[in-house]
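K.L.:
With the sequence up front, the predicted model follows.
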Amino acid sequence: VQLVESGGGLVQPGGSLRLSCAASGFTFSRYRMSWYRQASGKGRELVATITPAGGSTNYADSVKGRFTISRDNAKNTVSLQMNSLKPEDTAVYYCNAAPFAVSGVDYWGQGTQVTVAS
């Protein structure tokens, strides 16, 4: 099983980034996919989640209206479009796959750094 994130980097406040996560080794379309983030010295927090068919999404209050999660089950990818970025969005962003409505284990990517600074 692999989850490989990409798209992180340094961006100025107000800018945009698009994170992608490529999944392999499991039945992607049966998993709820999420993005988490962890800022230095803080705990990991849920940023956004999307159901297996993509019909439902949820966001942390801090990113609502600025971030959009999407998935492509044909390509086994999940993305996070991040707009109007703020310095407080600086963190390592992780892709997560969780089995939906069945028991099982979660999978995690290695993380990608997002730094918002002028």
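P.N.:
It's in. All of these numbers come straight from a predicted model, not from anything done at the bench.
K.L.:
now the strands for the chain?
P.N.:
2-6, 9-11, 17-24, 31-38, 44-50, 57-59, 67-72, 77-82, 91-99, 107-108, 112-116 (DSSP state E).
K.L.:
so what strands line up beside the third one?
P.N.:
Paired with strand 17-24 in the same sheet, following DSSP bridges, are strand 2-6 (antiparallel), strand 77-82 (antiparallel).
K.L.:
if you compare the ones you listed, which one is most tucked away?
P.N.:
strand 77-82 (a mean of 23; mean count of other CB atoms under 10 Å). All C-beta atoms are positioned from the backbone trio N, CA, C, and that covers glycine.
K.L.:
Specify the angle between that strand and strand 44-50 in degrees.
P.N.:
Strand 77-82 and strand 44-50 are oriented at 110 degrees to each other (axes from the mean of the first three to the mean of the last three CA atoms, to 10 degrees).
K.L.:
average model confidence for strand 77-82?
P.N.:
Mean per-residue pLDDT for strand 77-82: 98.
K.L.:
one step back: and residue 92, which of the strands paired with strand 17-24 is closest to it?
P.N.:
In terms of CB to CB, the element of the strands paired with strand 17-24 nearest to residue 92 is strand 2-6, at 9.3 Å.
K.L.:
Now do residue 102, the pLDDT please.
P.N.:
80.
K.L.:
okay, now the nearest residue to it once chain neighbours are set aside: neighbour count?
P.N.:
Excluding its sequence neighbours, the residue lying closest to residue 102 (CB to CB, 6 or more residues apart in numbering) is residue 30, at 7.7 Å. Other residues within reach of residue 30, judged by other CB atoms under 10 Å, total 15.
K.L.:
wait, isn't residue 30 in contact with residue 97?
P.N.:
No: applying CB atoms under 8 Å, one finds residue 30 not in contact with residue 97, separated by 9.4 Å.
K.L.:
Would you mind measuring from the residue sitting nearest the centre point of the chain to residue 26?
P.N.:
Among the residues of the chain, the one closest to the centroid is residue 35, at 2.5 Å (CA atoms, centre = their mean). Look at residue 35 and residue 26: by CB to CB, to the nearest Å, they are 18 Å apart.
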